[in-house]
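J.: sequence unknown, structure follows:
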C-alpha cells in the first residue's frame with residue numbers, strides 16, 4: 001500500500017454517506033459520518049459541568065447528532081445547529097432510525113457516551 005502525503009490525506013473523501021428511506025417524510029434523505037470536529041462538538045454538548053461534577057446531558061441527543069449528519073447528496077449539512085429544536089420535534093421513531101445510521105457511520109457507540117459520563 002502506498003504511503004500518503006498531506007495533500008492526498010486531505011483530499012480523501014472519507015465521510016461515507018448512506019441514503020435512507022423515510023416513508024413518514026415522503027422520500028429519502030442522506031446521512032453521513034461526522035467529521036472529527038463535528039464529533040468533538042457533539043460530545044462536548046453531551047457534557048455539562050456543575051461545580052466540580054461533570055454530568056451527561058442527553059437533552060436532544062438524537063436531534064443534535066442528526067442535525068450534523070443529515071445531508072444532501074454532496075455531503076453538505078441540511079440542518080444547522082439552530083434547527084436542533086425543530087428536528088427534535090419530529091417523530092421519535094424516524095429521528096431514532098436516522099440517529100442509529102449516523103451513529104454507525106460515525107463509529108459512535110453507546111459505550112462512547114458512557115465513557116464521557118465516567119470522564
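T.: Sure, I can see it. All values derive from a computational prediction rather than experimental measurement. Residues are numbered from 1 along each chain as shown.
J.: what lies in contact with the longest helix along the chain?
T.: When the chain is scanned for its longest helix (criterion: DSSP state H), the result is helix 92-106. Residues outside helix 92-106 that contact it (CB atoms under 8 Å, 6 or more residues apart in numbering) are 16-18, 20, 22, 24-25, 29, 31-34, 39, 61-63, 65-66, 68-70, 87-88, 108-109. All C-beta atoms are positioned from the backbone trio N, CA, C, and that covers glycine.
J.: now do the strands in this protein.
T.: Ranges of strands in the chain, per DSSP state E, are 17-22, 27-32, 47-50, 53-56, 70-71.
J.: buried subset of the contacts of helix 92-106?
T.: In the contacts of helix 92-106, burial by neighbour count holds for 17, 20, 22, 29, 31-34, 39, 61-63, 65-66, 68-70, 87-88, 108, counting by 16 or more other CB atoms under 10 Å.
J.: check the gap between residue 82 and residue 64 for me.
T.: Applying CB to CB, to the nearest Å, the value for residue 82 to residue 64 is 12 Å.
J.: contacting residues around the residue nearest to residue 102 when sequence neighbours are not counted?
T.: Leaving aside its chain neighbours, residue 102 sits nearest to residue 69 (3.5 Å; criterion: CB to CB, 6 or more residues apart in numbering). Under the criterion of CB under 8 Å, 6+ apart, the contact partners of residue 69 comprise 31, 32, 33, 34, 98, 101, 102, 105, 106.
J.: that'll do, ta.
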